[in-house]
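> Attaching a predicted model along with its sequence, questions to come.
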Amino acid sequence: MTSHSAPRRAVVGVDIGTSSSKGVLVSVDGTVLAQSVVRHSVDRPHPGWVEMDPQVWWREFITLVRDLLGSAEVTVEAVGVSGMGPCVAVTDDAGEPLRPALLYGIDTRATEQIRELEDELGREEILRRCGSVLSTQAVGPKLAWLARHEPGVFARARRLFMPSSWLVHRLTGEYVLDHHSASQCTPLYDTGALDWYRPWSDGLAGRIELPRLGWSGDTAGRVSAWAAEATGLAAGTPVTVGTIDAWAEAVSGDAHNAGDLMLMYGSTMFLINTVEERVTFPALWGTVGALPGTRNLAGGMASSGAITDWLRSLFGDPSVPELLAEAETSGPGARGLLMLPYFDGERTPVADPAARGVLAGLTLGHTRGDLYRAALEATGFGVRHNVEAIRAAGGRIDRVVAVGGGAQGHLWTQIVSDITGLTQDIPTHTIGASLGSAFLAASAVGDADIARWNPPAARCRPDPATTARYDELYTRYRALYPATADIVHGLS
């Protein structure tokens, strides 16, 4: 007589990112059973435009989930989702996309609409009510851009999605958005009232029916029979509301308590500081947190890992360990190179979509390791600039948690610690937002403890001698942008 063990109880987490989509299968006790990745690229049809077809998000979700389900015998008890954002994907009544989605702050097309809305609504009033000033990150100006430049599309638009809410809709038929994502829909959402601000949202959204609101870990609905057939998930499986990737990633590293600062090392660099009460500061984004009762100060660099990926492609695609070894040999200061990392413009605290990358100090003697080192250091200087803004706003930093793919290598985190003077905790799993989404799914159907799921595995401490060297270079870094801005603006 043959005995068979029962399938393991598990949850699925999927995240739609800028350069890839990732899925993870996790047992309800927090054991990672399987991971899967599908790589993609965004579309850049015009300078300043960054887009992606929402249908790609659904196709990749199906690929990831079928891959995960084929890797282990499990009973999936819940599904969690997250994705890049805030994005603007408009659809018809049936939820069919009318055009590619306009992505988050790296899409800089709506600068004219930002100025017009500030003049109409008042910059200070927007900050007071919405927690953030208008920037390329904001949803409202991009809706205004669609209304002006694609009036036929805007007239037919009836629903507004982001990657997470799009997946929820495909899976369950529900039309819902989490409060955090809504708080980045400036100026449509009131961060004090925790609701859409109808005097502004009704005018900007036109005939779009805004989604109902929920919290990231709430159950949005259940997998439909149609979605079950497409994905292999069981019909009736609960699906959580989901959120923007960086906030799911903060959850994955247990970096959502007051005084925590999450650093997300990815194609872009993101910073989330959890604060005790609502704080507004014009150089940062004041948002609602992923969990009920939480508030954040957040910042984001438009380019970080994307720069090193670009350099690697220029160098003929050598291995990342090879380039990191050469960058380590280059040493602090990259043998006299200094880079501004504004290759896609810059979000916080510079807020200049027309900014561009600058590499100063080049000689014929510099190597690819020097350039790679300069890019890693540029990210570190950008992090320090944002940290200074967080502290100026009144944010408290008691603990720093490094997450994301870039946190897996020693050199990048060490450079950031040396430049900022901050010690960083590195969790056991740095696989990112998909793990945070899986945890939210597990929490929705039972008890789960992220401290047990993903405890700290290492700690990166600054070297005081190197920090002193970087202090001098940071002064030059801060001087480089104002010294070159007029030239760069003319070129861009």
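On my side now, so go ahead.

> Return the residues in contact with residue 266.
Counting by C-beta atoms under 8 Å, 6 or more residues apart in numbering, residue 266 makes contact with 17-19, 304-305, 404-406, 432. Backbone N, C-alpha and C define where each C-beta goes, glycine included.

> Any of these buried? List them.
Among the contacts of residue 266, those classed as buried by 16 or more other C-beta atoms under 10 Å are 17-19, 304-305, 404-406, 432.

> what's the average pLDDT for the helix or strand encompassing residue 434?
Assigned by DSSP states H and E, residue 434 falls within helix 433-445. Here the mean pLDDT over helix 433-445 is 96, rounded to a whole number.

> Also stretch 94-110?
Stretch 94-110 carries an average pLDDT of 96.

> Could you list the buried residues of that stretch?
95, 97-110.

> likewise stretch 61-69?
Applying a neighbour-count criterion of 16+ other C-beta under 10 Å, one finds 61-62, 64-69 buried in stretch 61-69.

> In a markdown table: the residues you listed, plus distance to residue 444 and secondary structure.
Written out in a markdown table, the entries for the buried residues of stretch 61-69 read as follows (distance: C-beta to C-beta, whole Å; DSSP: H, G, I helix; E, B strand; the rest coil):
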| residue | distance to residue 444 | secondary structure |
| --- | --- | --- |
| 61 | 18 | helix |
| 62 | 22 | helix |
| 64 | 20 | helix |
| 65 | 18 | helix |
| 66 | 23 | helix |
| 67 | 23 | helix |
| 68 | 18 | helix |
| 69 | 19 | helix |
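
> What strand or helix carries the residue nearest to residue 189 when sequence neighbours are not counted?
Nearest in space to residue 189, with sequence neighbours left out and distances taken as C-beta to C-beta, 6 or more residues apart in numbering, is residue 182 at 4.5 Å. Taking DSSP H and E as the criterion, residue 182 maps to helix 179-183.

> ditto for residue 388
For residue 388, the element it lies in under DSSP H and E is helix 368-393.

> Could you double-check that residue 417 lies in contact with residue 462?
Yes: the pair formed by residue 417 and residue 462 meets the contact definition of C-beta atoms under 8 Å, at 4.3 Å.

> of the two, who's got more company?
In terms of neighbours (other C-beta atoms under 10 Å), residue 417 is the more surrounded of residue 417 and residue 462; the figures are 24 against 19.

> Look up which helix or strand that one falls in, please.
helix 410-420.

> Tell me which residues of that helix come out buried.
Going through helix 410-420 with 16+ other C-beta under 10 Å, the ones that come out buried are 411-420.

> next SSE after that helix?
For helix 410-420, the succeeding helix or strand toward the C-terminus, using DSSP H and E, is strand 424-427.

> For that following strand, name the packing helices and strands.
Taking 3 or more C-beta pairs under 8 Å, 6 or more residues apart in numbering; DSSP states H and E as contact, the helices and strands that strand 424-427 lies on are strand 399-403, helix 410-420, strand 456-460.

> Need these in CSV (columns: distance to residue 282 and mean pLDDT).
Below are the helices and strands packed on strand 424-427 laid out as CSV (distance: least, C-beta to C-beta, whole Å; pLDDT from 0 to 100):
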stretch, distance to residue 282, mean pLDDT
strand 399-403, 24, 96
helix 410-420, 22, 97
strand 456-460, 31, 95
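
> With distance to residue 190 added, can I get those in TSV?
Conversion of those to TSV gives the following (distance: least, C-beta to C-beta, whole Å):
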stretch	distance to residue 190
strand 399-403	30
helix 410-420	33
strand 456-460	37
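
> what mean pLDDT does stretch 266-273 have?
Stretch 266-273 carries an average pLDDT of 92.

> next one: that stretch to chain centre, how far?
Here stretch 266-273 is found 6 Å from its chain centre; the criterion is C-alpha atoms, centre = their mean, to the nearest Å.

> which strands and helices sit next to the helix or strand harbouring residue 115?
When secondary structure is defined using DSSP H and E, the element that contains residue 115 is helix 111-121. Using 3+ C-beta pairs under 8 Å, 6+ apart as the contact criterion, the elements in contact with helix 111-121 are helix 140-149.

> I'd like to know how far residue 10 sits from residue 234.
When C-beta to C-beta, to the nearest Å is applied, the distance between residue 10 and residue 234 equals 12 Å.

> Now the common contact residues for the two.
Taking C-beta under 8 Å, 6+ apart as the criterion, residue 10 and residue 234 both touch 75-76.

> Those two - which one has more neighbours?
Neighbours around residue 10 and residue 234, counted as other C-beta under 10 Å, are more numerous at residue 10. The numbers are 26 against 12.

> The nearest residue to residue 305 once chain neighbours are set aside: what's it in contact with?
The shortest distance from residue 305 to any residue that is not its chain neighbour, by C-beta to C-beta, 6+ apart, is 4.9 Å, and that residue is residue 267. Residue 267 makes contact with 17-19, 303-306, 309 under the criterion C-beta under 8 Å, 6+ apart.

> Helices - which of those residues land there?
Of the positions in those, 305-306, 309 sit in helices, assigned by DSSP state H.

> Of the residues you listed, which is the nearest to residue 263?
Proximity of the ones in helices among the contacts of residue 267 to residue 263 (C-beta to C-beta) peaks at residue 305, which lies at 12.2 Å.

> mind checking how far that closest one is from residue 248?
Applying C-beta to C-beta to residue 305 and residue 248 gives a distance of 18 Å.

> All the helices of the stretch 151-300 of the chain, residue numbers only.
Taking DSSP state H, counting those that start in this stretch, the helices of the stretch 151-300 of the chain run over residues 151-156, 163-172, 179-183, 198-205, 225-231, 245-252.

> ranking those by burial, who's on top?
Most buried of the helices of the stretch 151-300 of the chain by mean neighbour count (mean count of other C-beta atoms under 10 Å) is helix 245-252; its value is a mean of 31.

> Can you tell me which helices and strands it packs against?
Here helix 245-252 is seen to pack against strand 8-16, strand 74-83, strand 260-265, strand 269-275, strand 295-301, strand 399-403, helix 433-445 when contacts are counted using 3+ C-beta pairs under 8 Å, 6+ apart.

> Give me whichever of the ones you listed is most buried.
Counting by mean count of other C-beta under 10 Å, helix 433-445 has the highest mean neighbour count of the helices and strands packed on helix 245-252, with a mean of 29.

> Spatially central residue in the protein, please.
Centroid-nearest residue in the chain, with C-alpha atoms, centre = their mean: residue 246, separated by 3.9 Å.

> separation between it and residue 105?
In this structure, residue 246 and residue 105 are 12 Å apart, going by C-beta to C-beta.

> got any residues that touch both of these two?
Between them, residue 246 and residue 105 share these contacting residues under C-beta under 8 Å, 6+ apart: residue 300.

> What is the burial count for the nearest residue to residue 219 once chain neighbours are set aside?
Once flanking residues are discounted, residue 219 sits nearest to residue 238: 4.8 Å by C-beta to C-beta, 6+ apart. Counted by other C-beta under 10 Å, the residues lying close to residue 238 total 20.
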